[in-house]
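Colleague: Take a look and give me a structure for this.
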Amino acid sequence: MTDCDGITDEELIVRVADERALFACLIERYEAKLRRYIKRVMPGIGDDLDDVLQDIFVKVYVNSRGFDPSLRFSSWVYRIAHNEAVSWLRKKKARLELVELGDDDFQTFVESVEDASDETNVRLVKDAVERVLGEMQEKYRTVLVLKYLEGLQYEEMSDILKMPAGTIATHLHRAKKEFMNIYRTHHE
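Modeller: Below is the predicted model:
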């Protein structure tokens, strides 16, 4: 494999057109991240995950010449992943699996998942989150996943979702409310 240490993502994608072997570096850097993201925004993906992931990387490669090097590669690749997820959902008209949760505040809940030490409790909490996320409207599920599970900042989310930061803030506020409302209906 080509040594790509010390080369930024942005440099790699620009050089891919002339040095195809560098694309393997981008796949290595982003495959696990995108796999995790797709699983989170599409809880019902199942066996189609690898196909969606492959479609994402094909689009990245095919569109590599159109990448604007003044932008962040990570935002660009997540935007492609987001579009592929939306496309897959429309094609399949999938009804996503259910999810549950455990705190009144989404941020506190996410932190509790990260701090949980009992493996059984962690699994139960993760299962609960997946069920609730699966019932949420796509636009709200996506902002929660990007912000709290992927750890992105508003600027990156704005680039990926192609919406102003103020709209993202509004969606996040509404998403947290929807999340807790769905959770409460499962636990009353």
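Colleague: per-domain residue ranges of the protein.
Modeller: Annotated domains of the chain cover 9-92, 106-186 [automatic domain parsing].
Colleague: looking at these, which has the lowest confidence?
Modeller: For those, mean pLDDT drops lowest on domain 106-186, to a mean of 77.
Colleague: circling back to that earlier point, TSV for the domains of the chain, including mean neighbour count?
Modeller: Bear in mind the C-beta positions are built from the backbone N, C-alpha and C, glycine included. Shown next, in TSV, are the domains of the chain (neighbours: other Cβ atoms under 10 Å):
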stretch	mean neighbour count
domain 9-92	16
domain 106-186	17
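Colleague: which ones are touching residue 4?
Modeller: 12, 22, 25 (Cβ atoms under 8 Å, 6 or more residues apart in numbering).
Colleague: re earlier: could the domains of the chain go into a markdown table alongside distance to residue 3?
Modeller: Listed next are these as a markdown table, based on distance: least, Cβ to Cβ, whole Å:
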| stretch | distance to residue 3 |
| --- | --- |
| domain 9-92 | 9 |
| domain 106-186 | 28 |
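Colleague: May I ask which helix or strand encompasses the residue nearest the centre of the chain?
Modeller: By Cα atoms, centre = their mean, the chain has its centre lying nearest to residue 37, at 3.0 Å. Using DSSP states H and E, residue 37 maps to helix 23-41.
Colleague: Can you give the distance from the helix ranked longest in the chain to the centre of its chain?
Modeller: Longest helix in the chain, counting residues (DSSP state H): helix 165-186. Put simply, helix 165-186 sits 17 Å off its chain's centre (Cα atoms, centre = their mean, to the nearest Å).
Colleague: That one - contacts with which helices or strands?
Modeller: If contacts are counted by 3 or more Cβ pairs under 8 Å, 6 or more residues apart in numbering; DSSP states H and E, helix 165-186 sits against helix 106-115, helix 119-135, helix 138-144, helix 154-161.
Colleague: how does it look with 7 Å?
Modeller: Contacts defined by 3 or more Cβ pairs under 7 Å, 6 or more residues apart in numbering; DSSP states H and E place helix 165-186 against helix 119-135, helix 138-144, helix 154-161.
Colleague: Show me the one of those helices that comes nearest residue 70.
Modeller: helix 154-161 (11.7 Å; Cβ to Cβ).
Colleague: Residues contacting the closest one, please?
Modeller: 72, 74-75, 78-79, 82, 143, 146-147, 164-165, 168 (Cβ atoms under 7 Å, 6 or more residues apart in numbering).
Colleague: cutoff 6 Å now
Modeller: By Cβ atoms under 6 Å, 6 or more residues apart in numbering, the residues outside helix 154-161 that reach it are 75, 78-79, 82, 146, 165, 168.
Colleague: same check, this time on stretch 82-91
Modeller: Around stretch 82-91, the neighbours that count as contacts under Cβ under 6 Å, 6+ apart are 41-42, 52, 55-56, 160.
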